[in-house]
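Colleague: Below are the sequence and a predicted model; questions follow.
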There are 2 protein chains.
Amino acid sequence: MRGEIIAIGNELTSGRIVNTTSGFAAHHLFEAGFDIYAMHTIGDTPTLIGEALKRALGRVDFVLVTGGLGPTDDDLTTEAVSEALNRPTMPNLDLLYQIRSHLQAVSGPVVSPLEKLAWLPQGAETLTPNSKMSGFQLIHDDKPIFFLPGVPYQMQTLLIEQVLPRLADWYKDRLLTVFQRVYKIFGKSEMEINKETKGLKLGEVVEIGYYPVFPDVHLSITVRGSDPVAMQNIFTETCDIVEEKMNQFIYAKDEENMESVVGTLLQQQGQQLTVAESCTGGLISHLLTSVAGSSSYYLGGVVSYANSMKTSLLGVPDSLLQEYGAVSREAAGAMAAGMRKRSAAHIALSVTGIAGPDGGSQEKPVGTVFVGIATGEAVQTHRFLFSGTRYEIQRLTAQTALDLLRRYLLR
Amino acid sequence: MRGEIIAIGNELTSGRIVNTTSGFAAHHLFEAGFDIYAMHTIGDTPTLIGEALKRALGRVDFVLVTGGLGPTDDDLTTEAVSEALNRPTMPNLDLLYQIRSHLQAVSGPVVSPLEKLAWLPQGAETLTPNSKMSGFQLIHDDKPIFFLPGVPYQMQTLLIEQVLPRLADWYKDRLLTVFQRVYKIFGKSEMEINKETKGLKLGEVVEIGYYPVFPDVHLSITVRGSDPVAMQNIFTETCDIVEEKMNQFIYAKDEENMESVVGTLLQQQGQQLTVAESCTGGLISHLLTSVAGSSSYYLGGVVSYANSMKTSLLGVPDSLLQEYGAVSREAAGAMAAGMRKRSAAHIALSVTGIAGPDGGSQEKPVGTVFVGIATGEAVQTHRFLFSGTRYEIQRLTAQTALDLLRRYLLR
């Protein structure tokens, strides 16, 4: 069962507004067992709207059209559809009555462009009895077409509450069962992962995808077929193999992220964390505190950007900074140890490095980063060399530091 | 002059990844004087890729294709294009040499799937001599087609640095002159701005757009026509009026952002800043240090998430926290004063608040935020009540604190 999504609006084709609704729809349709054959974004141009709709009807099982249903002059979807499918518009009397009552209450009897919302192509059925959200369904050539507003909140509500149940019901005898999982992997390249999971495809029903999503690589496993029990088994088996092969490089699944995984581990182990950051400038603390409830394991930290702050707030000896430099294994260790001592946390994480674009040297080029972890047992330090823009180096540093902490907590 | 954009990838049609690159391209192409006729998102399906490309070539002046250029099995764009346009793939010897040298250096002579990246459709010209980013151009039926990687950073870089100049050059005799500026406004709603700039449209050639881009509202002015001098005059006149009407609510133009604007002001005035954050958890420091060269005016800061950190690192008296609470005007003031004293910076900024989702009370609901600014002259504090998700409250707090600092520096 597959469909196409057509998003309509000049604000989209001029790039002024980012189209978030098509991706939202694709995601939920995919999870419900439907494939999206193609998504199109076109301007408010009736001929183009008609063409796109007719082409889609010729090759897929359902079509979702969003946008262009409003009352203003540039909302042309309904007329375009009426013309393309040869279905003259007719007033929907319920809608018209609701709109007129509303207008009457607000401003007395007037002729308003709002009445346009009640004129729908012949055979259209409104998606809700509520005139506050436009949206209707047509069955054409025995295929459902759904027309939704472009406003993200309305579109999303109608998709979830109306379109998905109607589609599932219409195609109930022909839907496949879908199992999907996304593994988030840090520290291996797309190619390495591809190589290590080669030959893993357990038949036609399994689809494996690899996607770099900076700073990670996502590996997705999708299994679909008509036999739920068989699909479940193949899915579990495939996941087990991937988890075994990728092992600790998999740091999260599906909706989890590095900071939520680290947070869960800290919470489970009753450990409190503090962070001393230099080159990441607060990014690690920001990531940790983006998780609701992080105050139960994250105490706070210091952004010791200037050397004077490393000395005054973390107690790093000035002589150490003079001898080894602020970007050094010694400085990272002293920052972590100092931060831990001054906060009474169980664990202190520290980073110091050169995010660029300036400040590199031959011995310590841009991208040189030291990470320290101080615990009750010891102070460990690690050296890295990252490449990329300033932002990429900061982001890679933050992810690496959190991943080291994750691996420490899992040891 | 108009074009189409085709984005390729199963990760897009399954809604796993949001397509941000097509909107980015549409936006920049529009600014450069091109119209986008349609944007398509399709899976890694060779026949569909070929069909979409051929249909686009039949009706527009250029085509931009993104995604599916990588080395893995599911990257099928190059093969699909080769087949559809009847241009057999050939090895690009420069690329092949670079890839082999790289492999040789890393792992000795091997046959690697990376070599796939060097095979391009006949007639293709690479967009950069650098093998680290895929991307090539074909001229077919006298129309340029650009193939870019789907990775947003690479796609964006190549679009700006390669595609736009090449397209402008190819169609240089047929383009309209376009002037565009985006004003970034903080502290007024889209409706307020719309109302205050009503009646501003100086003729058909001026287009004014309003769009909320959280936490700001962007106001764009676009002037296009064939007479460069007349367009320039209309553009300047429109911009002058908007700037006068919006005044200090405009905090930045075009590529500038709040943190770069604040950074420039600090640098110009030779002032050094330090930041004490509670509910923003490092976000303000992260924003400030995302600007290259920020070490010349940003000394560092403290993320005093737990009360113990406010006391130990900022010297906020425990009695004050007991009496007024950590989220209070008094705490914000003491945090800023303490931070300034311990860092020897000219200015200290502080925030404390309740980002939620939990932790609110009747007196201080979720979204209650206090901002403090300590300078050589005084300590000012401000109270706010924001609404939204945890992230939105954190982001609004950070933007508000930086905007208060900006207005202080402009006083």
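Modeller: Great, that's in hand.
Colleague: which residues touch the residue in the stretch 51-200 of chain A that chain B sits nearest to?
Modeller: Chain B sits closest to A:Asn194 of the stretch 51-200 of chain A, with a gap of 4.9 Å, by CB to the nearest CB. Heads up, the C-betas are built off the backbone N, CA and C, glycines and all. Counting by CB atoms under 8 Å, 6 or more residues apart in numbering or on different chains, A:Asn194 touches A:210, B:72-73, B:113.
Colleague: Ok, A:Gly282 next?
Modeller: By CB under 8 Å, 6+ apart, the neighbours of A:Gly282 are A:303, B:277, B:282-286, B:288-289, B:301, B:303.
Colleague: ok, now how distant is it from B:Gly300?
Modeller: Taking CB to CB, to the nearest Å as the measure, A:Gly282 falls 9 Å from B:Gly300.
Colleague: related to what we said a few turns ago, can the contacts of A:Gly282 go into a markdown table with extra columns for secondary structure?
Modeller: Shown next, in a markdown table, are the contacts of A:Gly282 (DSSP: H, G, I helix; E, B strand; the rest coil):
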| residue | secondary structure |
| --- | --- |
| A:Val303 | strand |
| B:Glu277 | strand |
| B:Gly282 | coil |
| B:Leu283 | helix |
| B:Ile284 | helix |
| B:Ser285 | helix |
| B:His286 | helix |
| B:Leu288 | helix |
| B:Thr289 | helix |
| B:Gly301 | strand |
| B:Val303 | strand |
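Colleague: Can you tell me which of those is closest to B:Gln267?
Modeller: B:Leu288 (11.9 Å; CB to CB).
Colleague: Spit out the contact partners of that closest one.
Modeller: Contacts of B:Leu288 by CB under 8 Å, 6+ apart are A:281-282, B:259, B:262-263, B:273, B:275, B:294, B:298, B:402.
Colleague: What segments of the stretch 251-400 of chain A are strands?
Modeller: All strands of the stretch 251-400 of chain A, identified by DSSP state E, counting those that start in this stretch, fall at A:273-277, A:298-303, A:347-353, A:368-374, A:379-385.
Colleague: Among those strands, single out whichever gets nearest to chain B.
Modeller: With CB to the nearest CB as the criterion, chain B lies closest to strand A:298-303 of those, at 3.8 Å.
Colleague: Would you reformat the strands of the stretch 251-400 of chain A as TSV and include mean neighbour count and mean pLDDT?
Modeller: Formatted as TSV, the strands of the stretch 251-400 of chain A follow (neighbours: other CB atoms under 10 Å in any protein chain shown; pLDDT from 0 to 100):
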stretch	mean neighbour count	mean pLDDT
strand A:273-277	31	98
strand A:298-303	30	97
strand A:347-353	29	98
strand A:368-374	25	98
strand A:379-385	16	98
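Colleague: Switch those over to JSON lines; also include distance to A:Thr311.
Modeller: Putting the strands of the stretch 251-400 of chain A into JSON lines (distance: least, CB to CB, whole Å) gives the following:
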{"stretch": "strand A:273-277", "distance to A:Thr311": "12"}
{"stretch": "strand A:298-303", "distance to A:Thr311": "11"}
{"stretch": "strand A:347-353", "distance to A:Thr311": "13"}
{"stretch": "strand A:368-374", "distance to A:Thr311": "16"}
{"stretch": "strand A:379-385", "distance to A:Thr311": "18"}
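Colleague: Dump those strands to CSV, plus distance to chain B.
Modeller: What follows is these, written out as CSV (distance: least, CB to the nearest CB, whole Å):
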stretch, distance to chain B
strand A:273-277, 8
strand A:298-303, 4
strand A:347-353, 12
strand A:368-374, 14
strand A:379-385, 15
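Colleague: residue contacts, the closest residue in space to A:Phe136 that isn't next to it in sequence?
Modeller: Setting aside the residues directly before and after it, A:Phe136 is nearest to A:Ala124 in space (CB to CB, 6 or more residues apart in numbering or on different chains), at 4.3 Å. By CB under 8 Å, 6+ apart, the residues touching A:Ala124 are A:87, A:92, A:136-138, A:147.
Colleague: what's the closest of the contacts of A:Asn194 to A:Lys184?
Modeller: For the contacts of A:Asn194, the nearest to A:Lys184 is A:Tyr210 (12.0 Å; CB to CB).
Colleague: Test my guess that A:Ile393 contacts A:Val369.
Modeller: Yes - between A:Ile393 and A:Val369 a contact is recorded at 7.4 Å, counting by CB atoms under 8 Å.
Colleague: and for these two, which residues touch both?
Modeller: Counting by CB under 8 Å, 6+ apart, the residues touching both A:Ile393 and A:Val369 are A:279, A:353-354, A:386.
Colleague: Pull out the buried positions in the longest helix along chain A.
Modeller: Of all the segments of type helix in chain A, defined by DSSP state H, the longest one is helix A:390-410. Residues A:390, A:392-406, A:408-409 are the ones in helix A:390-410 that count as buried (16 or more other CB atoms under 10 Å in any protein chain shown).
Colleague: got the residues of the stretch 101-250 of chain A near chain B?
Modeller: Residues of the stretch 101-250 of chain A that fall close to chain B, judged by CB under 8 Å from any CB of the partner chain: A:182, A:190-191, A:194, A:207, A:209-214, A:218, A:220, A:222.
Colleague: I'd like those residues as JSON lines, with distance to A:Arg100 and secondary structure appended.
Modeller: Converted to JSON lines, these look like this (distance: CB to CB, whole Å; DSSP: H, G, I helix; E, B strand; the rest coil):
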{"residue": "A:Val182", "distance to A:Arg100": "49", "secondary structure": "strand"}
{"residue": "A:Glu190", "distance to A:Arg100": "59", "secondary structure": "helix"}
{"residue": "A:Met191", "distance to A:Arg100": "64", "secondary structure": "helix"}
{"residue": "A:Asn194", "distance to A:Arg100": "61", "secondary structure": "helix"}
{"residue": "A:Glu207", "distance to A:Arg100": "52", "secondary structure": "strand"}
{"residue": "A:Gly209", "distance to A:Arg100": "52", "secondary structure": "strand"}
{"residue": "A:Tyr210", "distance to A:Arg100": "56", "secondary structure": "strand"}
{"residue": "A:Tyr211", "distance to A:Arg100": "51", "secondary structure": "strand"}
{"residue": "A:Pro212", "distance to A:Arg100": "55", "secondary structure": "strand"}
{"residue": "A:Val213", "distance to A:Arg100": "50", "secondary structure": "strand"}
{"residue": "A:Phe214", "distance to A:Arg100": "54", "secondary structure": "coil"}
{"residue": "A:His218", "distance to A:Arg100": "52", "secondary structure": "strand"}
{"residue": "A:Ser220", "distance to A:Arg100": "50", "secondary structure": "strand"}
{"residue": "A:Thr222", "distance to A:Arg100": "49", "secondary structure": "strand"}
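Colleague: Which ChimeraX command selects the buried ones in the residues you listed?
Modeller: The command below creates a ChimeraX selection of those among these that count as buried (16+ other CB under 10 Å):
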select /A:182,190,191,194,209,210,211,212,218,220,222
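Colleague: quick one: the residue nearest the centre of chain A and A:Tyr297, what's the gap?
Modeller: Centroid-nearest residue in chain A: A:Glu255, 8.4 Å away (criterion: CA atoms, centre = their mean). For A:Glu255, the distance to A:Tyr297 equals 20 Å [CB to CB].
Colleague: Just give me the least confident of the contacts of A:Ala124.
Modeller: The lowest pLDDT within the contacts of A:Ala124 belongs to A:Asn92, with 91.
Colleague: Could you give the number of residues near A:Phe249?
Modeller: By the criterion of other CB atoms under 10 Å in any protein chain shown, A:Phe249 has 18 neighbours.
Colleague: show me what contacts it?
Modeller: By CB under 8 Å, 6+ apart, the residues touching A:Phe249 are A:185-188.
Colleague: can you list the domains in chain A?
Modeller: In the domain annotation for chain A, the residue ranges read A:2-170, A:177-253, A:258-410 (automatic domain parsing).
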